[in-house]
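> Okay, here's the prediction I keep looking at, along with the sequence it came from:
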Amino acid sequence: MFDNHGWRRRGDSGKRIRLSRIFNPHSRRALVVPMDHSVTMGPLGKADHADRTAEMLAAAGADAIVVHKGRARSINPIHFTDMGLIIHLSAGTDLALDRTGKVLVGTVEECLRLGADAVSVHVNVGSPTESAQLADLGAVSSACDMLGIPLLAMMYARGPNIGSPVELVDTLSHLAAIATDLGADLVKLDYAGNRSAMNDVVHSCPLPVLVAGGPSDSGDESAIAFGGEVAESNVAGLSFGRLIFGADEPQRVAAELSRRLHSGRPAASRALSPTLESA
């Protein structure tokens with residue numbers, strides 16, 4: 001396994017400790033459940049939806065959730081006893097003229113005060129506001145390095161001139177390279193279509209790679225099967241939101257994805273193990 005000694009040299013003990021709260025200590029992988037969609041698309045349920053969902057996910061074996069700063073205040077802190085908290089710093093809505101636009105709506109300092117184990121930033125490469133989004137990623141990265149908190153970069157190729165990528169591996173590898181070069185600690189990407197292609201992406205990137213889920217329009221069994229296929233590649237984890245909280249039986253789907261991710265496979269994404277071992 002590739003040994004990323006740079007983590008030891010940098011002495012980022014704060015980042016390593018916080019990452020150890022997000023990644024399973026045995027599999028060195030993470031099931032992360034994004035719940036930040038309400039800013040983009042509206043309420044995901046009743047007023048107590050986030051709290052109830054967080055309680056369910058903790059019981060099902062999820063390793064971390066992603067929420068916005070205000071929503072984090074509505075969740076009982078006890079749910080984070082065995083589950084990490086990632087606070088999302090980017091926002092944009094489906095009502096905007098430019099649905100690919102994202103702006104920063106919080107600071108790393110705010111997230112630390114709320115008890116976050118990591119922060120996340122969304123970047124749409126190819127958006128008309130790509131340059132501003134890249135600048136935001138770089139600025140948040142600098143703040144994260146100063147304060148010792150990990151940064152998850154959610155990277156997508158989205159914009160008016162982007163269709164279906166001809167070379168999906170090349171596109172995803174480019175997105176991962178941007179996250180790496182601008183200082184992220186983890187990167188979230190779409191699936192490359194098959195395990196071999198996803199492994200090619202992982203091998204191009206020194207960061208732990210999480211794979212995004214997508215819309216929940218194909219049923220619980222399809223979500224579980226898709227997660228199981230992704231888990232057989234060398235990724236560091238799954239970042240499934242709507243496939244879980246939009247499922248008919250969300251706790252069963254989450255529990256089964258956690259089981260498949262954390263059992264019965266070789267060691268995880270090459271950058272992750274030494275990151276945690278040096279904590």
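Yep, that arrived. Numbering: from 1, shown residues only.

> Pairing partners for residue 237 in the sheet, please.
Beta-bridge pairing of residue 237, defined through DSSP bridges, involves residue 30, residue 210.

> quick one, what contacts it?
If a contact means CB atoms under 8 Å, 6 or more residues apart in numbering, then residue 237 has 23, 29-32, 63, 208, 210-211, 261, 268-269 as its contacts. The C-beta positions use only the backbone N, C-alpha and C, and glycine is treated the same way.

> Relative to residue 128, how far out is the residue of the chain most remote from its centre?
Within the chain, residue 97 marks the point farthest from the mean C-alpha position, 26.1 Å out by CA atoms, centre = their mean. If you measure residue 97 against residue 128 using CB to CB, to the nearest Å, the figure is 10 Å.

> mind listing what the nearest residue to residue 241 once chain neighbours are set aside touches?
Closest residue to residue 241 apart from its sequence neighbours, by CB to CB, 6 or more residues apart in numbering: residue 34 at 3.8 Å. Contacts here follow CB under 8 Å, 6+ apart; on that basis residue 34 touches 65-66, 88, 239-241.

> how about the helices in the stretch 1-150 of the chain?
Secondary structure of the stretch 1-150 of the chain by DSSP state H, counting those that start in this stretch: the helices cover 6-10, 13-22, 37-41, 49-60, 69-72, 108-113, 130-147.

> got the contact list for the fourth one?
This points to helix 49-60. Outside helix 49-60, the residues within contact range by CB under 8 Å, 6+ apart are 33, 35, 43-45, 65, 67, 71, 74-76, 79-83, 244-245, 250-252, 254-255, 258.

> who's residue 151 bridged to?
Note on residue 151: beta-bridge partners residue 119, judged by DSSP bridges.

> top of the contacts of residue 237 by neighbour count?
Counting neighbours by other CB atoms under 10 Å, residue 31 comes out on top of the contacts of residue 237 with 32 neighbours.

> In this model residue 256 seems to touch it, though I could be wrong.
No: counting by CB atoms under 8 Å, residue 31 sits too far from residue 256 to count as a contact (10.4 Å).

> Which residue ranges of the stretch 151-279 of the chain form helices?
Under DSSP H, counting those that start in this stretch, the stretch 151-279 of the chain gives helices at 168-181, 195-203, 220-231, 242-245, 250-262, 272-277.

> Convert the C-alpha atoms of the second one to PDB, please.
Meaning helix 195-203. Listed in PDB are the C-alpha atoms of helix 195-203, where the atom choice follows Å, rounded to 0.1, in the frame of the first residue of the first chain:
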ATOM      1  CA  ARG A 195     -14.800  -0.800 -10.700                       C
ATOM      2  CA  SER A 196     -11.800  -0.800 -13.000                       C
ATOM      3  CA  ALA A 197     -12.400   2.800 -14.200                       C
ATOM      4  CA  MET A 198     -13.000   3.900 -10.600                       C
ATOM      5  CA  ASN A 199      -9.700   2.300  -9.500                       C
ATOM      6  CA  ASP A 200      -7.900   4.200 -12.300                       C
ATOM      7  CA  VAL A 201      -9.300   7.500 -10.800                       C
ATOM      8  CA  VAL A 202      -8.300   6.500  -7.300                       C
ATOM      9  CA  HIS A 203      -4.800   5.600  -8.400                       C
END
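
> helices and strands around that helix, which ones?
Here helix 195-203 touches helix 168-181, strand 209-212, helix 220-231, going by 3 or more CB pairs under 8 Å, 6 or more residues apart in numbering; DSSP states H and E.

> List the buried residues of that helix.
Neighbour-count burial for helix 195-203, with 16 or more other CB atoms under 10 Å as criterion, is recorded at 195, 197-202.

> With the fifth one instead?
The neighbour-count check on helix 250-262 (16+ other CB under 10 Å) flags 250-251, 253-262 as buried.

> Off-centre distance for it?
How far helix 250-262 lies from its chain's middle: 16 Å, per CA atoms, centre = their mean, to the nearest Å.

> That one vs helix 220-231, what angle?
With axes from the mean of the first three to the mean of the last three CA atoms, to 10 degrees as the criterion, the two stretches helix 250-262 and helix 220-231 enclose an angle of 20 degrees.

> Just the residues contacting helix 250-262, thanks.
Residues from elsewhere that reach helix 250-262 (CB under 8 Å, 6+ apart): 24, 26-27, 29, 31, 33, 53, 56-57, 59-63, 220, 223-224, 227-228, 231, 237-238, 240, 243-244, 247.
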